[in-house]
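Chemist: Coordinates only, no sequence provided:
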Ligand code: SAH
């Protein structure tokens, strides 16, 4: 299927010429889509009527439809559940920060990695998203929620490094002058630690921020909540992260979900210091979004504070993430799963 959102301007030019239209129409079309949020051939009034009619059949625009929209009471987080051309749904979240709006995109429908705490994997892996479907999530937010986008995080449903080719294509596309012209430094990719692909990413020459979902200080503990540890043990993940830093100059962030009675006690904090204390890294501590299905919950605030304070006292830079989205089920996959299980 030809998908306009999956096309670079060059590819669209070729397509137009192949079908007897003028190459420069691609400039107008890209302007309509990326600068004016217009996604219907009919509304692109600068195009000749005949072109609009041909494009309607040759290259129909499928813009995702909103299945549901949730807004946190403080207005800081907006979540859309979007329906794709084949009826599958994906979640996209907008988070308003002091420095600007950040959008959290999904890279797959479902997920194969199967982390215990995460709702995304619950109904299994369905399919990869195309670069165009990632772009369409972004454009849906621009059109329906806000045109102001400062940064992108690939932290929604899916494991981006298991959809490597499409994710890379998307990253190149958003960086283009004719689309969003977004700086690579404003993009973060979060991975559960797919080691060979972390090495590949370091070679791409795109200085995006890499975030690694660590969530436990030892292989034994991590295996219980992240079975991917059986394939890629922590030591290998850390080596790949060091390599990424050496190659790109971009510091790697480690995410650590704080889970009650699992990984948020002083003994874990001590082990984390042993593991990471000598490195110049940042830990992003994230209070667990309660998952009643699997019985994993957020620890009491006092435990989370004690954990974070221990790390800080031992020289680790750590932030306790603001709990955005917990009230609107913005943690990966929660909204989609809720709908599928109704
Ligand atoms: N597959 C990638 C990106 C998607 S998950 C990865 O593993 O990093 C994005 C982040 O959300 C990860 O750090 C993940 O561990 C976290 N997450 C998933 N479920 C969560 C929950 N219930 N509460 C808090 N964070 C969660």
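Modeler: Arrived safely, thanks for sending. Only a predicted model underlies this, so the values are computations on that prediction, with no experimental measurement involved.
Chemist: And residue 234, how far from residue 274?
Modeler: Using CB to CB, to the nearest Å, residue 234 is found at 12 Å from residue 274. Backbone N, C-alpha and C define where each C-beta goes, glycine included.
Chemist: oh, I was asking about residue 114
Modeler: Counting by CB to CB, the gap from residue 114 to residue 274 is 28 Å.
Chemist: ok, those two, which is more surrounded?
Modeler: Applying other CB atoms under 10 Å to residue 114 and residue 274 shows that residue 114 carries more neighbours, namely 15 against 11.
Chemist: Pretty sure that one sits against residue 227.
Modeler: Yes - applying CB atoms under 8 Å, one finds residue 114 in contact with residue 227, separated by 5.7 Å.
Chemist: Excluding sequence neighbours, find me the nearest residue to residue 44.
Modeler: Excluding the flanking residues, the one nearest residue 44 by CB to CB, 6 or more residues apart in numbering is residue 32, at 4.9 Å.
Chemist: From the centre of this protein, point out the most distant residue.
Modeler: Relative to the mean C-alpha coordinate of the chain, counting by CA atoms, centre = their mean, the farthest residue is residue 50 (38.9 Å).
Chemist: OK, contacts around that one?
Modeler: Counting by CB atoms under 8 Å, 6 or more residues apart in numbering, residue 50 makes contact with nothing.
Chemist: Point out the other helices and strands that the helix or strand hosting residue 255 packs with.
Modeler: Assigning secondary structure by DSSP states H and E places residue 255 in strand 253-258. For strand 253-258, the elements it packs on are strand 209-213, strand 282-287, helix 301-313, judged by 3 or more CB pairs under 8 Å, 6 or more residues apart in numbering; DSSP states H and E.
Chemist: redo that, cut-off 10 Å
Modeler: If contacts are counted by 3 or more CB pairs under 10 Å, 6 or more residues apart in numbering; DSSP states H and E, strand 253-258 sits against strand 187-191, strand 209-213, helix 234-248, helix 266-276, strand 282-287, helix 301-313, strand 317-320.
Chemist: List the buried residues in stretch 146-160.
Modeler: Residues 149, 151, 152, 153, 154, 155, 156, 157, 158, 159, 160 are the ones in stretch 146-160 that count as buried (16 or more other CB atoms under 10 Å).
Chemist: JSON lines for those residues, including distance to the ligand?
Modeler: Shown next, in JSON lines, are these (distance: CB to the nearest ligand atom, whole Å):
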{"residue": "149", "distance to the ligand": "19"}
{"residue": "151", "distance to the ligand": "15"}
{"residue": "152", "distance to the ligand": "13"}
{"residue": "153", "distance to the ligand": "8"}
{"residue": "154", "distance to the ligand": "7"}
{"residue": "155", "distance to the ligand": "4"}
{"residue": "156", "distance to the ligand": "6"}
{"residue": "157", "distance to the ligand": "7"}
{"residue": "158", "distance to the ligand": "6"}
{"residue": "159", "distance to the ligand": "4"}
{"residue": "160", "distance to the ligand": "6"}
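Chemist: Which of those fall within strands?
Modeler: In strands, defined here by DSSP state E, the members of the buried residues of stretch 146-160 are 151, 152, 153, 154.
Chemist: from these, which single one is nearest residue 289?
Modeler: Among these, residue 153 lies closest to residue 289 (CB to CB), at 15.9 Å.
Chemist: tell me the mean pLDDT for the strand holding residue 255?
Modeler: Averaging pLDDT along strand 253-258 gives 96.
Chemist: Flag every buried residue along it.
Modeler: Neighbour-count burial for strand 253-258, with 16+ other CB under 10 Å as criterion, is recorded at 253, 254, 255, 256, 257, 258.
Chemist: Show me what it pairs with in its sheet, parallel or antiparallel.
Modeler: Using DSSP bridges, strand 253-258 pairs in its sheet with strand 209-213 (parallel), strand 282-287 (parallel).
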